[in-house]
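In: this is the structure alone, sequence omitted:
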Ligand code: GLU
């Protein structure tokens, strides 16, 4: 089977060296394996991901010398799909409407609440026991709501413990996934008719992605992605979480060097070839 790679930036700012590394690594792995290289624009936050930033993102990637298959999938065109999948999960008893504000969650969680791997307070379960009738009446009355995964119900439906295949540490490893550490994640936000976790698993499946190559900051999120794939009946890609990028001398690039926008380096006279060389791709 031909491997399918994708680079999936969220253009809520300009692309920086960290993005360039991830994009170049995806493209190189695709080339080395005879695979396809796709691009997906993760712009569900349509306020922050403006058309201008999306256009600049494509221009920066082309300037770097990257070539991807058309069409580019733009998540802001796919909200109906995300909603339909979340509604299906509600119908299966695996998701529920949640009316809590951030303040409600903080208050209900108590003084020393557990946190998820991203540092957010674990949802205390406030709206999980609401009957469908009560929830429907509140929605009819116009109360804003999110849709959350019922993670305990979802985990209880699994036929086997979840695992994923990881190549980010060299040899292929089989990693156990513990999605319970994420709790009842949001599937459809109150302010945006989608969420990162739901959109990423639906679109990796839609695009036929077989290899997910992304930064190590998303390693922990893979556990919840595997759970969503399992309950939605989606295939599991192979994952490769890459470490922080190194400079030519093998030192870790500092946070500030990593977050320098590519446009700024370009305006200062740096060429695409110099950037590729600096990141170890030339
Ligand atoms: N859009 C995400 C980001 O820019 C990456 C998503 C992914 O690779 O799974 O952080």
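Out: Alright, I've got the coordinates. As the structure is a computational prediction, the values presented were derived from the model and not from experiment.

In: any residues touching the helix or strand containing residue 24, and which ones?
Out: Element membership for residue 24, per DSSP states H and E: helix 17-33. Residues outside helix 17-33 that contact it (C-beta atoms under 8 Å, 6 or more residues apart in numbering): 3, 5-7, 9, 15, 35-37, 61, 64, 66-68, 211, 213-215, 240, 242, 244-245, 253, 257-260, 262, 265, 275-276, 278-279, 281. Where you see a C-beta, it was placed from the backbone N, CA and C, and this is true even at glycine.

In: so which of these are in strands?
Out: 5, 6, 7, 36, 37, 211, 213, 214, 215, 240, 242 (DSSP state E).

In: out of those residues, which are close to the ligand?
Out: residue 214 (C-beta under 6 Å from any ligand atom).

In: reformat the ones in strands among the contacts of helix 17-33 as CSV; add distance to residue 46 and neighbour count.
Out: Formatted as CSV, these follow (distance: C-beta to C-beta, whole Å; neighbours: other C-beta atoms under 10 Å):
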residue, distance to residue 46, neighbour count
5, 26, 25
6, 21, 25
7, 20, 22
36, 28, 18
37, 26, 20
211, 28, 21
213, 26, 25
214, 22, 21
215, 23, 17
240, 29, 19
242, 28, 17
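
In: ok, which pair from the ones in strands among the contacts of helix 17-33 is furthest apart?
Out: Farthest pair in these (C-beta to C-beta) is 36 and 215. Separation: 21.1 Å.

In: the ligand contacts on the stretch 51-200 of the chain?
Out: Applying C-beta under 6 Å from any ligand atom, we find that the stretch 51-200 of the chain lies next to the ligand at residue 200.

In: just the closest residue of the stretch 51-200 of the chain to the ligand, please.
Out: residue 200 (4.7 Å; C-beta to the nearest ligand atom).

In: so where does that residue fall, helix or strand?
Out: With DSSP H and E as the criterion, residue 200 is inside helix 196-206.

In: buried residues in that helix, which are they?
Out: Across helix 196-206, burial judged by 16 or more other C-beta atoms under 10 Å covers 196, 197, 198, 199, 200, 201, 202, 203, 204, 205.

In: bridged to the closest residue to the ligand within the stretch 101-250 of the chain, which residues?
Out: Here the stretch 101-250 of the chain gets closest to the ligand at one residue, residue 214, 3.6 Å apart by C-beta to the nearest ligand atom. Taking DSSP bridges as the rule, residue 214 bridges to residue 241.

In: so it makes contact with residue 225?
Out: No - look at residue 214 against residue 225 with C-beta atoms under 8 Å: they stay out of range, at 10.7 Å.

In: quick one on the thing from earlier: what mean pLDDT does the helix holding residue 200 get?
Out: Regarding helix 196-206, the rounded mean pLDDT is 98.

In: hmm, residue 83 is touching residue 192, no?
Out: No - here residue 83 lies out of contact with residue 192, judged by C-beta under 8 Å, at a distance of 11.0 Å.

In: strands along the stretch 101-250 of the chain, start to end?
Out: Assigned by DSSP state E, counting those that start in this stretch, the strands in the stretch 101-250 of the chain fall at 146-149, 163-166, 173-176, 186-188, 211-215, 238-242.

In: elements contacting the last one?
Out: Contacts defined by 3 or more C-beta pairs under 8 Å, 6 or more residues apart in numbering; DSSP states H and E place strand 238-242 against helix 17-33, strand 163-166, strand 211-215.
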